[in-house]
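>>> next comes the sequence, and after it the predicted model I'd like to discuss.
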Amino acid sequence: MATTPATAVRDTELREHPRRDPSEGTEPADDFGGRLVPVTVTANELIAPNLRRLTLSSPEFRELELTGPDEFFGLLMPQQGHDFEPFDTAGRNIRAAVAEIDEAVRPGLRWYTVRHLRQDEGEIDVDVVMHDDHPGPGASWVSQVRPGATAGVWLCNAIWIRHAERPLFVADPSAVPALLTVLEFTDDHHTDDLSRYHVVVVAHSPDDLESGLAEDWSDRVASLQIIYTTPGMESEAVATHLREAAENGHPSAAVEYVWASGEVGMTKTVRGIAVDEWNVDTAFVDWVAYWIEGRPRP
Ligand SMILES: Cc1cc2nc3c(=O)[nH]c(=O)nc-3n(C[C@H](O)[C@H](O)[C@H](O)COP(=O)(O)OP(=O)(O)OC[C@H]3O[C@@H](n4cnc5c(N)ncnc54)[C@H](O)[C@@H]3O)c2cc1C
């Protein structure tokens, strides 16, 4: 399987938060980098029972350099029966620009991670979790979109940086694509760091995850734990796991940096334990609400 080539990330040291350079395109008026790229869907594959891999193509991706491995972007999805129509984003916040489009043709906007970039083919892959109970515009669109369909990609920037020697990563299935990009990037550029990484993944079943997570990485990182729990119990399951690790003196509870991404309640729980119970400096905790239980995440 093709992965993001080593050359596709512009600063491989990544000691500072990366930002997309505004001079590359439209001057951004918000925190989210900013450049709108019209794309064509070239593949939509079910890679696990609850996970779809979408391939998006644009000649602009031949020149694209990522700001970091877990670069995220806004996916602009046209309404059913419509093609994606590029719109004016100059100097604007992307959400405001979308809100000004006539409701009848307004595209949906949701946030995803570049799982792979293949500059030679001008393609990116994005892995999208299917959550069938309340799909929302993102999961609904991805579940049925076919090759040949058009969409927009609002390029943003990466989040993770190489903060510290001993990191802990906590991810749910929505953040496992980002986690895997970080592990693969580290393997490419800083292989020795991997042996100090602690990883905790919380999911409902293996159906939500790209295959090979445990098989490929368990022996390469300091520790990797996949916790399976029932829906709604993710925060409790992670909290129990982390507190037990601390009680048992496990090194995953003696870390300098914490990256927690996924459902907002779960990420807040991890942050609380890291800061209040383990005394990790708040500046060394990156927690990102990828989605919100019971609410849309536009
Ligand atoms: C920086 C960033 C990177 C992200 N990268 C990815 C990625 O690579 N792959 C990916 O799949 N997601 C990713 N996400 C999360 C994704 O944006 C959210 O899951 C988003 O809510 C999906 O939109 P939707 O239209 O399907 O559902 P929404 O309209 O936002 O929500 C509808 C309902 O579905 C529920 N819901 C939303 N997401 C999930 C979920 N994952 N599991 C269970 N229930 C859910 C909500 O609680 C709500 O009740 C990322 C988010 C951010 C901020």
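Nice, I can see it.
>>> run through who's touching the longest strand along the chain.
Longest strand of the chain, by residue count under DSSP state E: strand 36-48. Contact with strand 36-48 is made by 25-26, 52-58, 60-61, 76, 84, 86-87, 89, 94, 123, 127, 142, 145-155, 206-211, as judged by Cβ atoms under 8 Å, 6 or more residues apart in numbering. C-beta: built from backbone N, CA, C; applies to glycine.
>>> got the buried residues for it?
36, 37, 38, 39, 40, 41, 42, 44, 48 (16 or more other Cβ atoms under 10 Å).
>>> what is the mean pLDDT for the helix or strand following it?
Next in sequence after strand 36-48, counting helices and strands by DSSP states H and E, comes strand 51-57. If you average the pLDDT over strand 51-57, you get 98.
>>> what segments of this protein are strands?
Per DSSP E, the chain carries strands over the ranges 36-48, 51-57, 72-77, 108-113, 116-118, 123-129, 150-155, 167-171, 198-203, 223-228, 257-263, 285-291.
>>> what packs against the last one?
If I follow you right, that is strand 285-291. strand 257-263, helix 264-272 (3 or more Cβ pairs under 8 Å, 6 or more residues apart in numbering; DSSP states H and E).
>>> and the longest one with the ligand, contact?
In this case it means helix 264-272. No: Helix 264-272 lies apart from the ligand when judged by Cβ under 6 Å from any ligand atom; the minimum separation is 9.3 Å.
>>> equivalent analysis for the shortest one, please.
No: with Cβ under 6 Å from any ligand atom as the threshold, strand 257-263 lies outside contact range of the ligand, at a closest distance of 7.1 Å.
>>> for the ligand, what's its nearest residue on the protein.
Going by Cβ to the nearest ligand atom, the ligand is nearest to residue 136 of the chain, at 2.2 Å.
>>> please name the nearest non-neighbouring residue to that residue.
Distances taken as Cβ to Cβ, 6 or more residues apart in numbering place residue 296 nearest to residue 136, at 5.6 Å, with adjacent residues excluded.
>>> give the burial count for that neighbour, as a bare number.
Residue 296 has 12 neighbours, counted by other Cβ atoms under 10 Å.
>>> go on, residue 104?
The number of residues near residue 104, taken as other Cβ under 10 Å, comes to 7.
>>> got it, and the one 3 residues further on?
A count of nearby residues for residue 107, using other Cβ under 10 Å, gives 20.
>>> and for residue 59?
8.
>>> contacts only, for it.
Going by Cβ under 8 Å, 6+ apart, the list of residues near residue 59 reads residue 122.
>>> let's go with 10 Å and repeat that
Neighbouring residues of residue 59 by Cβ atoms under 10 Å, 6 or more residues apart in numbering: 37, 122.
>>> what does the stretch 151-298 of the chain put close to the ligand?
So the stretch 151-298 of the chain meets the ligand at 174, 177, 288, 290, 291, 292, 293, 294, 295, 296, 297 (Cβ under 6 Å from any ligand atom).
>>> tabulate these in JSON lines, adding columns for pLDDT and distance to residue 224.
Shown next, in JSON lines, are those (pLDDT from 0 to 100; distance: Cβ to Cβ, whole Å):
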{"residue": "174", "pLDDT": "98", "distance to residue 224": "18"}
{"residue": "177", "pLDDT": "97", "distance to residue 224": "16"}
{"residue": "288", "pLDDT": "92", "distance to residue 224": "20"}
{"residue": "290", "pLDDT": "95", "distance to residue 224": "20"}
{"residue": "291", "pLDDT": "95", "distance to residue 224": "23"}
{"residue": "292", "pLDDT": "94", "distance to residue 224": "27"}
{"residue": "293", "pLDDT": "92", "distance to residue 224": "25"}
{"residue": "294", "pLDDT": "90", "distance to residue 224": "30"}
{"residue": "295", "pLDDT": "92", "distance to residue 224": "30"}
{"residue": "296", "pLDDT": "91", "distance to residue 224": "32"}
{"residue": "297", "pLDDT": "87", "distance to residue 224": "27"}
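>>> what's the farthest-apart pair in these?
Greatest spatial distance among those (Cβ to Cβ): 177 and 294, at 22.7 Å.
>>> residue ranges in the stretch 1-150 of the chain under the pLDDT threshold?
For the stretch 1-150 of the chain, applying pLDDT under 70 flags the ranges 1-7, 20-33.
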